[in-house]
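>>> Model the following, please.
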Amino acid sequence: MRIVALLLAAFLATGAASADPLTVSPKGHWLAQQLDGMGVEGKWIAGAHIDWRTGLPDGRPETSAGRHTHCSAFVAAAAEKLGAYILRPPQHSQVLLANAQFEWLGEAGAGEGWRAVPDGDAAQSAANAGDLVVAAYESHRSDKPGHIAIVKPASRSAAELAAEGPLVIQAGSSNSSAVSLREGFAGHPAAWRDNEVEYFAHKLAAKP
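Model prediction:
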C-alpha cells in the first residue's frame, strides 16, 4: 500500500507541475520590454504608406488595391532592433513580404541564425527564455498576403496554449501588443484551424 501511495503522490505531483504556467526568464522580461517599447499599437497602422523601420507614415500615397497591413514590416523592424536579420526591404518590397519571409525562413533562415521550432508550446518556451520567435503563415494564394507575428514572452498555462496558442505582438488589420495567436491570425482561418502556422526562433545576444 505504501508503494502505491508513493506512486500516486508522484503522479499527482507530475500532473500539477505540468499544469503550471510557463515562467518568463529575466531575459524574456527584457525582450518583452523591448517589444513593447516599439509602440506597435500606434505605428505600422493599416492603410498608410509607412517607413518600415519606424512604422510611421512616409507621406506617400498607396496606389495599389488591398488593405495594406504591415505585419511583416513590424517583424523586420523588431528583428533589426534586436540584432537579427530577417528578409526585409530593400531585399524584398513590403508587398507580400510575409509570404516571402515564410519561405525565406524555411530556406535561407538557418544561415542567419534561425531555427525551426516544432509547435506553439515550444515557441512560447523559447520566447520566455529570451529568444526572438516568429509565428508565420503563408497564404495559399501567391497574390494574397500571409501573416507573421512575434511570440511575446508571457506566462501561459498548458490549457491556454492548447486553446489559444502562444501570446503574440503584431501589426495587422488591428495592431496589438498582446493577443493570442488564434485571435491574431483569425483573418487567415486555415492558420489555426489546420495548424498551418510555423515557428522559428533566433538566439539574441546577451541583454545589456
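>>> Who are the contact partners of the residue nearest the centre of the chain?
Central residue of the chain (C-alpha atoms, centre = their mean): Ile150, 2.2 Å from the mean position. Residues near Ile150 by C-beta atoms under 8 Å, 6 or more residues apart in numbering: Leu35, Phe74, Val75, Ala78, Leu132, Val133, Val134, Ala135, Val168, Ile169, Gln170. From N, CA and C alone the C-beta is placed, and that goes for glycine too.
>>> Let me know the helix or strand that it is in.
strand 147-151 (DSSP states H and E).
>>> So Glu164 sits against Gly184, correct?
No. With contacts counted by C-beta atoms under 8 Å, Glu164 stays clear of Gly184, the gap being 9.7 Å.
>>> which stretches of this protein form helices?
2-19, 26-36, 71-81, 97-107, 120-128, 158-164, 181-184, 189-193 (DSSP state H).
>>> Not counting its neighbours along the chain, what's nearest Glu138?
Leaving aside its sequence neighbours, Glu138 sits nearest to Phe102 (C-beta to C-beta, 6 or more residues apart in numbering; 4.1 Å).
>>> any idea how far that neighbour is from Val134?
Distance, Phe102 to Val134, by C-beta to C-beta, to the nearest Å: 9 Å.
>>> Lys43 too?
On the measure of C-beta to C-beta, Lys43 and Val134 end up 18 Å apart.
>>> the more surrounded of these two?
Val134 (30 against 20; other C-beta atoms under 10 Å).
>>> I'd like the helices of the chain laid out as a markdown table, including mean neighbour count and distance to Ala205.
What follows is the helices of the chain, written out as a markdown table (neighbours: other C-beta atoms under 10 Å; distance: least, C-beta to C-beta, whole Å):
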| stretch | mean neighbour count | distance to Ala205 |
| --- | --- | --- |
| helix 2-19 | 9 | 32 |
| helix 26-36 | 17 | 10 |
| helix 71-81 | 24 | 12 |
| helix 97-107 | 20 | 20 |
| helix 120-128 | 24 | 16 |
| helix 158-164 | 14 | 28 |
| helix 181-184 | 21 | 26 |
| helix 189-193 | 15 | 31 |
